[in-house]
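Novice: generate a structure from the sequence data that follows.
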Amino acid sequence: MASFLRTINKLLRKAQGTPSEEIEVDVAVIGAGVAGLVCARKLHRAGLKVLVLEASDGVGGRVRTDEVDGFLLDRGFQVFIEAYPEVQRHLDYSKLELQQFLPGALVRCDGGLQLVSDPLRRPEDIFRCLCAPVGTFWDKVRVGLYRVTLPQRPLERIFGAAETDTLDFLTSQLGLSKGIIERFFEPFYRGIFLAPLEEQSSRMFTFVFQMFAKGAASLPAKGMGAIPAQLAAALPEGAIRLNTAVTAVTPAPPAAPAGGGAGEAPPRAKLALKGGGKVSAFAAVLATEAPQAFALLAKAGRPLDGYQKPPPPGRSSTCLYFAVPGAAPVADPILILNGEGTDIGRPVNNVAFLDRCAPSYAPAGQSLASVTVVGDPALRDAELEKQVRAHLGEWFGEAEVARWRHLRTYRIPYAQPSQRPPSVAGVTGFDREVALGGGLYCCGDHRGTATLNGAVESGARAADAVMAAFMQSEPK
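Specialist: Model prediction:
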């Protein structure tokens, strides 16, 4: 892993720093997250000169991996959902060396760990699942029937369906009991969307449920950071400038009237960089998180989505990592959910021993525990760690958890955008505009669905919009 990161850093090293004079490019992409990198790579492959400007010290945005004492720590618990259609189009899965989790989860309830699985992919689990005290027999029949019919449903139908919140959908439309909702669906989908079921869209529930039904959840062998690294490696040396913050964006002035200014170059957007540098581009793509995009656009007189105030706060998450001496207390590569509810002193939503899925996540002879607390608790790290240890001691035994060594705590205040229903009107309900006028474009998961698929899709869509405008600007 260390040599892999050194290779990527070598590709980027000469690109770091702030230019002292105005640079002219075809397209400037602000932000080297997944959406920005997908956009930049697509434009580069189309023959355009692209410059990616990243304020931090590395690529990936929220999808990054750190190496600590031989452990691979993703910045927040994340899984790679293999069935995402846009991700399949833009990434080479073979190079990611994907390691798969088992479907379903172990649910902590009634003093033990109860299995919820996918009987179509794991028929050997049917009897154990039917006997588990997670919902009624008829709950399991209804979920099974839904699981059988959903994979064939077109995405257009999923996103075009009448929208409600997920709690209402599970109770009113699927007819599920309070027991299975509180013990399985609440912690499972709260871990994905970082919000209670009543603040989640039924369309997004259906979409993600279908993705899990169609493919595995996995981890790249080199960590989730291998995803942006693969995208960045496709760009030429010098195309990414790290530690380069954009402080202002000026839209391009209106083009000359038809018949006038023949032979003149099309108007260009201007970017001001921290430290005094400038960039001039035919198109500027804002590939930042929604609050940063809003701030830059508001300063330029073009409020994002027409908002006169900032977008709603994003969803936050906290992840604690522990080094576990020897073998993990759970041998299977499977997610472990809190089916007993979170309250004061019991903050854990889900746990995974990541090396059971991807052995490269931990050095030999040790295991890696990833613990997710939804939100950003108003506790110091030491107090939060104490509560987490006490909570997990109820699951795995106090003596077991006492052996674990805390590696790092990640607090992620903007882990994903809030997409509380009703969703924004559009072709699918989640396709927000990417072409903003004045040579300005925008991409990111806040332009589509709050998923890796949404980030990739919006980046590709922004690139298509830039290329269409570029072709129209070319002399006839």
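Novice: show me what secondary structure element comes after the helix or strand of the chain with the lowest mean pLDDT.
Specialist: Within the chain, no helix or strand scores below helix 2-13, which has a mean of 52 by mean pLDDT, DSSP states H and E. Remark: after helix 2-13, the chain's next helix or strand is strand 23-30, criterion DSSP states H and E.
Novice: show me how this protein divides into domains.
Specialist: 21-63+225-312+423-473, 65-222+313-416 (the TED database).
Novice: and these, which is most packed in?
Specialist: Neighbour counts (mean count of other CB atoms under 10 Å) averaged over each of the domains of the chain peak at domain 21-63+225-312+423-473, with a mean of 20. The way it works is simple: take the backbone N, C-alpha and C, and place the C-beta from them, glycine included.
Novice: just read off the phi/psi values of the closest residue to A415 other than its chain neighbours.
Specialist: Computed as CB to CB, 6 or more residues apart in numbering, the closest residue to A415 that is not its neighbour in sequence is S317, at 4.1 Å. Per-residue torsions, S317: phi -150, psi 150 (degrees, to the nearest 10).
Novice: please, where are all the helices along the stretch 1-150 of the chain?
Specialist: In the stretch 1-150 of the chain, the segments counted as helices under DSSP state H, counting those that start in this stretch are 2-13, 34-45, 85-90, 93-96, 126-131, 137-149.
Novice: so what does the second one touch, helix or strand wise?
Specialist: By that I understand helix 34-45. Helices and strands touching helix 34-45, as assessed by 3 or more CB pairs under 8 Å, 6 or more residues apart in numbering; DSSP states H and E, comprise strand 23-30, strand 50-53, helix 226-232, helix 452-473.
Novice: about what we covered before: I'd like the helices of the stretch 1-150 of the chain as a markdown table, with distance to D118 appended.
Specialist: Below are the helices of the stretch 1-150 of the chain laid out as a markdown table (distance: least, CB to CB, whole Å):
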| stretch | distance to D118 |
| --- | --- |
| helix 2-13 | 32 |
| helix 34-45 | 27 |
| helix 85-90 | 20 |
| helix 93-96 | 21 |
| helix 126-131 | 9 |
| helix 137-149 | 7 |
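Novice: quick one: which of those is nearest L368?
Specialist: helix 2-13 (16.5 Å; CB to CB).
Novice: quick one: which of the domains of the chain has the weakest pLDDT on average?
Specialist: When the domains of the chain are ranked by mean pLDDT, domain 21-63+225-312+423-473 comes last with a mean of 90.
Novice: endpoints of that one, how far apart?
Specialist: 26 Å (CA to CA, to the nearest Å).
Novice: ok, now stretch 395-405?
Specialist: 17 Å.
Novice: from the chain's centre, how far out does stretch 265-285 sit?
Specialist: 28 Å (CA atoms, centre = their mean, to the nearest Å).
Novice: send me that stretch as PDB with only the CA atoms.
Specialist: Output in PDB follows, covering the C-alpha atoms of stretch 265-285 (Å, rounded to 0.1, in the frame of the first residue of the first chain):
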ATOM      1  CA  ALA A 265     -12.000  33.500 -29.100                       C
ATOM      2  CA  PRO A 266     -15.100  32.600 -27.000                       C
ATOM      3  CA  PRO A 267     -15.400  34.400 -23.700                       C
ATOM      4  CA  ARG A 268     -13.700  32.700 -20.700                       C
ATOM      5  CA  ALA A 269     -14.400  32.300 -17.000                       C
ATOM      6  CA  LYS A 270     -11.800  33.500 -14.500                       C
ATOM      7  CA  LEU A 271     -10.600  31.900 -11.300                       C
ATOM      8  CA  ALA A 272      -8.700  33.600  -8.500                       C
ATOM      9  CA  LEU A 273      -6.400  31.300  -6.400                       C
ATOM     10  CA  LYS A 274      -5.300  31.700  -2.900                       C
ATOM     11  CA  GLY A 275      -1.800  33.300  -3.000                       C
ATOM     12  CA  GLY A 276      -2.600  35.400  -6.000                       C
ATOM     13  CA  GLY A 277      -2.600  33.100  -9.000                       C
ATOM     14  CA  LYS A 278      -5.200  33.200 -11.800                       C
ATOM     15  CA  VAL A 279      -6.700  30.700 -14.200                       C
ATOM     16  CA  SER A 280      -8.600  31.500 -17.400                       C
ATOM     17  CA  ALA A 281     -10.800  28.700 -18.800                       C
ATOM     18  CA  PHE A 282     -13.500  28.200 -21.400                       C
ATOM     19  CA  ALA A 283     -15.400  26.300 -18.700                       C
ATOM     20  CA  ALA A 284     -15.000  26.100 -14.900                       C
ATOM     21  CA  VAL A 285     -16.500  23.100 -13.200                       C
END
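Novice: ok, what's across the strand from the residue nearest to A415?
Specialist: Per DSSP bridges, the residues bridged to S317 are V374, I412.
Novice: so which of the helices of the stretch 1-150 of the chain comes closest to A298?
Specialist: Across these, closest to A298 is helix 34-45 (CB to CB), at 19.9 Å.
Novice: which residues sit against the closest one?
Specialist: 26-27, 29-30, 50, 52, 59-61, 63, 90, 227-228, 231-232, 234-236, 239, 285, 287-288, 443-445, 447, 452, 455-456, 458-460, 462-464, 466-467 (CB atoms under 8 Å, 6 or more residues apart in numbering).
Novice: could you check the angle that helix makes with strand 23-30?
Specialist: Between helix 34-45 and strand 23-30, the angle comes out at 140 degrees (axes from the mean of the first three to the mean of the last three CA atoms, to 10 degrees).
Novice: against Y441, how distant is the closest residue in space to G438 that isn't next to it in sequence?
Specialist: Distance criterion CB to CB, 6+ apart; nearest residue to G438, sequence neighbours excluded, is P251 at 2.7 Å. With distances taken as CB to CB, to the nearest Å, P251 is found 11 Å from Y441.
Novice: try A298
Specialist: Taking CB to CB, one finds A298 at 16 Å from Y441.
Novice: can you give me the strands in the stretch 201-350 of the chain?
Specialist: In the stretch 201-350 of the chain, the strands defined using DSSP state E, counting those that start in this stretch lie at 217-220, 240-241, 246-250, 269-273, 278-286, 315-325, 335-338, 350-353.
Novice: which one, of the helices of the stretch 1-150 of the chain, ends up nearest to I192?
Specialist: helix 85-90 (15.5 Å).
Novice: remind me what that closest one packs against, helices and strands.
Specialist: Partner elements for helix 85-90 (3+ CB pairs under 8 Å, 6+ apart): helix 452-473.
Novice: packing partners of the helix it packs on?
Specialist: Against helix 452-473 (3+ CB pairs under 8 Å, 6+ apart) you get helix 34-45, strand 80-81, helix 85-90, strand 278-286, strand 435-437, strand 440-442.
Novice: kindly reformat those as a markdown table containing distance to A358.
Specialist: Converted to a markdown table, the helices and strands packed on helix 452-473 look like this (distance: least, CB to CB, whole Å):
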| stretch | distance to A358 |
| --- | --- |
| helix 34-45 | 19 |
| strand 80-81 | 10 |
| helix 85-90 | 18 |
| strand 278-286 | 33 |
| strand 435-437 | 39 |
| strand 440-442 | 34 |
